[in-house]
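Undergrad: The sequence isn't on hand, but the structure is:
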C-alpha cells in the first residue's frame, strides 16, 4: 500500500489551487505559470464567438457602416468606435423612449465617450452618427443585408432597431427544437471534449437530509446540466459521510436503547438524527471517552458498534436513494468516507516520512502558518484520522479513477471555507493531482426566519417536511382561488391565482395526470427557489414566497410555459388542416406590422446563450433564473398585447404563433438545465 502512495503522491508545486473566485482566476494563473496548464485550461474558457450574439452583430454592423464613406466627422468617430468599444457601451434604451410600434428602439448607443474626445456635444454626435448609418444602410442594401435596420438620434443616444427579417430568421432557426438550440450552443463555446467533475450532495448518514442539503443538490445538478449543455464531459460525484464523530455519538446513544433500530412509522434518518441530537446534548453535559473507542472500532471494522453501524448506515443509504429518486438525481460515482479509513493512515505515515507532515503534541499535521491557515491536523493524538485526512485521499482517488478531469468542483456550504483553504493548500504542497484545477463552490446557508438550523439542536427542516410545506403552499393558493372563483382565459396574463384554479378546472385530467402535474409543480417550485438566489447569499426559507404565482418564482415560469403550450394547441386545432407544422409556416409578409412586443421577446430569446454561458462559468444558476424571469415577463407582455387566436390577419397570426412555439421550446430546455421538468398543462 505504501508503494502505491509513493507512486501517486508525487512532488509537484507549480500550480496554485484556488478555493474561491471564478474559474477564470484559475485559468489566468495557469496561463501565466505553466505552458502545460495553459494548453489544458485556457480553451475551457474560450468562446468561439460572443455568446451574446445580437449585441455583437449590431456592434460589428455599426463599426463597419462607420468605415464606409463619410466626412471628416465620421472618420474621427470611426477611429474611436471599434467593435470592442461599441460592444462595451451598447445598452438597452431608457424606458421613456420605449413605445408601441416599429419606431420603438431595441438598442441605444450613448455618445458621451465620443463627446469627451471630440469636444462635440453628445446630441450633435448622435445626429451625425444616426444620419450616416441610415444613409449607408440604404445605399448598400443591395450588396449586404445588415442586422441594423434603422437608427434615430434621441438626445445623447443613437437608438437603433434590429432588422426584423434577420432577427426572426435567427431566433426561429435557433429555437426550432431542443437539438437546434444545442447545435447553436456548440458554435458559441469551445468545450473541446474536456471533462469536469462536480462533487455535490455529500449527506451524512445518521443525520436527516435537510433543507441545506437540498440547496446543495439543486446547485450541483444544475451546474452539471449546464456544463453538459455547453459540451463538456461531466462526472457527478457524491461523497457520503458515513463515519466521524457524529456517527459515533449516534451509535453511543442507540446502544443504550432497548430497540436501537427505527420503528416502521418513523423515517430512519429522522430517528437517527433525533438520537444524535440527544447524544450531543448528553455528552456536552457529561463527556465520555467512549466516543474515541467507538471511532477506533469503526476504523478497525470489528465489534458490536461496527455491526450496529452497518445496519443503521444501510437504513440511511436507502433513505437517501428515495430522496434522489424524488429529485430525479443520479450520480456517476459514489464514494464513502469509510472506504478511505485505511488509506488515510497510509497517507499520514507516507508524508510524515517525507517531512511534509510533522508531529505536534502527539498529533500529526502540517503547519500552514505561512499561508495564514494555522496548523492542519491530519491525525489526532489518540490515533484517529480526521475528515480532512480522508478528503486528501479522496482527491487522490478521484485522479486515479478519472485522470481525464481537468476541473474538479466541490460544492459545500460556506461554513467550510477554511476547511477547503487548508485542504487545497495542502494538496498543492503534496503535489496531488497534476493537471487538475480544484475549486470549492461555496454557498450560503438556508435559514429559517427565526434563525440558523442545526442537526445537533434537532431544529432542521427535513427534505420530506420541505416537500410537504411546498405542497401545502401551492394548495393554499388553490383553495383561495376556489373561494374567489377567478375566471381564467387562454390569453390572459399570468396572475397570482390563475394556474392552480386552471388545474382544478381541467375536468379531463385523470387523477394520475393531476398527481404528475402536482409533483412537477412541487419539484419545480422547490428547485427554482433554491437556485434563484445568488449561491453566495443565504436563503431565508419562506414557503409562501416560494409558492407564489407571481414574481421570481418557479410557479410563475412554469405557468407561462403551460400557457404557451395551450395557445399552440388551440392554434393547431382551429387551423384549416389542423396540423401544428402548418401553423408555424411564417412569412415575411407580416414583418412590417410587428410591434415592439414581438421584437422585445425575440431579442430577449436571443440572449439565452449568453445567460447559459455565464451561469455555467460563474457557477451561478441564479443568472439563468433571472434571465428566465425577464424572458417570461417579455412573453407575458407579448401575449397580452398581441392577440393570436382571434386574429384575422393569417400571416401575422402564424408569425405570432411561431414566436410562441420558439418561446416554449426555449423555456422547456432552459428549465431542464435547472433540473425542472415543467408540466405540459395545468
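TA: Sure thing, it's come through. Since the model is a prediction, treat every value here as computed from it, not as a measurement. Residues are numbered from 1 along each chain as shown.
Undergrad: what's the following helix or strand after the worst-scoring helix or strand of the chain on mean pLDDT?
TA: In the chain, no helix or strand scores lower on mean pLDDT, DSSP states H and E than helix 35-41, which sits at a mean of 31. Per DSSP states H and E, helix 35-41 leads on to helix 53-66 as the next helix or strand towards the C-terminus.
Undergrad: and the next helix or strand after that next one, what does it pack onto?
TA: Note on helix 53-66: by DSSP H and E, the next helix or strand toward the C-terminus is helix 72-80. If you count contacts as 3 or more Cβ pairs under 8 Å, 6 or more residues apart in numbering; DSSP states H and E, helix 72-80 packs onto helix 53-66, helix 112-118, helix 122-140. (C-beta placed from N, C-alpha, C; glycine too.)
Undergrad: ok, then the element right after helix 72-80?
TA: helix 83-89.
Undergrad: where does the stretch 101-250 of the chain have low pLDDT?
TA: For the stretch 101-250 of the chain, the stretches with pLDDT under 70 are 101-103, 190-191.
Undergrad: Please give me every residue in contact with residue 675.
TA: Residues near residue 675 by Cβ atoms under 8 Å, 6 or more residues apart in numbering: 218, 221, 222, 225, 327, 328, 329, 527, 531.
Undergrad: Excluding chain neighbours, give the residue nearest to the fourth one in space.
TA: The one in question is residue 225. In space, and not counting its chain neighbours, residue 225 is closest to residue 673: 4.7 Å by Cβ to Cβ, 6 or more residues apart in numbering.
Undergrad: Next, the contact list for the one you found, please.
TA: Counted by Cβ under 8 Å, 6+ apart, residue 673 has contacts 222, 225, 226, 229, 612, 615, 621, 624.
Undergrad: Same question for residue 473.
TA: 525, 543, 544, 546, 547.
Undergrad: try residue 410
TA: Shown in contact with residue 410 (Cβ under 8 Å, 6+ apart): 199, 200, 420, 438, 439, 440, 441.
Undergrad: Looking at those, which are in helices?
TA: Those of the contacts of residue 410 mapping onto helices are residue 420, per DSSP state H.
Undergrad: Show me which of the contacts of residue 410 is closest to residue 156.
TA: For the contacts of residue 410, the minimum distance to residue 156 (Cβ to Cβ) is 41.8 Å, reached by residue 441.
Undergrad: Just the element for the closest residue to residue 392 other than its chain neighbours, please.
TA: Nearest non-adjacent residue to residue 392, counting by Cβ to Cβ, 6+ apart: residue 347, 6.0 Å away. Secondary structure assigned from DSSP H and E places residue 347 in helix 341-353.
Undergrad: mind listing what's buried in that helix?
TA: Across helix 341-353, burial judged by 16 or more other Cβ atoms under 10 Å covers 341, 343, 344, 345, 347, 348, 349, 350, 351, 352.
Undergrad: Output the contacting helices and strands for it.
TA: Helix 341-353 packs on helix 2-8, helix 290-300, strand 375-379, helix 387-401, going by 3+ Cβ pairs under 8 Å, 6+ apart.
Undergrad: Tell me how many other residues surround the residue lying closest to residue 200 once chain neighbours are set aside.
TA: Here the nearest residue to residue 200 in space, its sequence neighbours aside, is residue 220; by Cβ to Cβ, 6+ apart that works out to 2.5 Å. By other Cβ atoms under 10 Å, 26 other residues sit near residue 220.
Undergrad: show me the contacts for residue 220.
TA: By Cβ under 8 Å, 6+ apart, the neighbours of residue 220 are 198, 199, 200, 201, 236, 411.
Undergrad: Could you confirm it falls within a strand?
TA: No: applying DSSP: H, G, I helix; E, B strand; the rest coil, one finds residue 220 to be helix, outside a strand.
Undergrad: Could you check how far it is from residue 443?
TA: Plainly put, residue 220 is 10 Å away from residue 443 if you go by Cβ to Cβ, to the nearest Å.
Undergrad: Mutual contacts of those two, please.
TA: Taking Cβ under 8 Å, 6+ apart as the criterion, residue 220 and residue 443 both touch residue 411.
Undergrad: for this structure, which spans come out with low pLDDT?
TA: Looking at the chain by pLDDT under 70, you get 1-51, 93-103, 190-191, 433, 451, 453-459, 478-507, 574-585.
Undergrad: who touches the helix or strand encompassing residue 529?
TA: For residue 529, the host element (DSSP H and E) is helix 511-531. With Cβ under 8 Å, 6+ apart as the test, helix 511-531 has contacts from 214-215, 218-219, 222, 326-328, 446, 466-467, 470-471, 473-474, 503, 509, 539, 545-547, 553-555, 557-558, 621-622, 624-625, 671, 674-679, 681-682.
Undergrad: These in strands, which ones?
TA: Of the contacts of helix 511-531, the ones assigned to strands by DSSP state E are 446, 539.
Undergrad: Can you flag the buried ones in the contacts of helix 511-531?
TA: 214-215, 218-219, 222, 327, 446, 466-467, 470-471, 473-474, 503, 509, 539, 546-547, 553-555, 557-558, 621-622, 624-625, 671, 674-679, 681-682.
Undergrad: Just confirm residue 275 is within a helix.
TA: Yes: assessed by three-state DSSP, residue 275 belongs to a helix.
Undergrad: can you pull the contacts of it?
TA: When contacts are counted by Cβ under 8 Å, 6+ apart, residue 275 touches 250, 253, 254, 257.
Undergrad: Just the ones of the buried ones among the contacts of helix 511-531 in helices?
TA: Per DSSP H, the subset of the buried ones among the contacts of helix 511-531 in helices is 214-215, 218-219, 222, 327, 466-467, 470-471, 473-474, 503, 546, 554-555, 557-558, 621-622, 624-625, 671.
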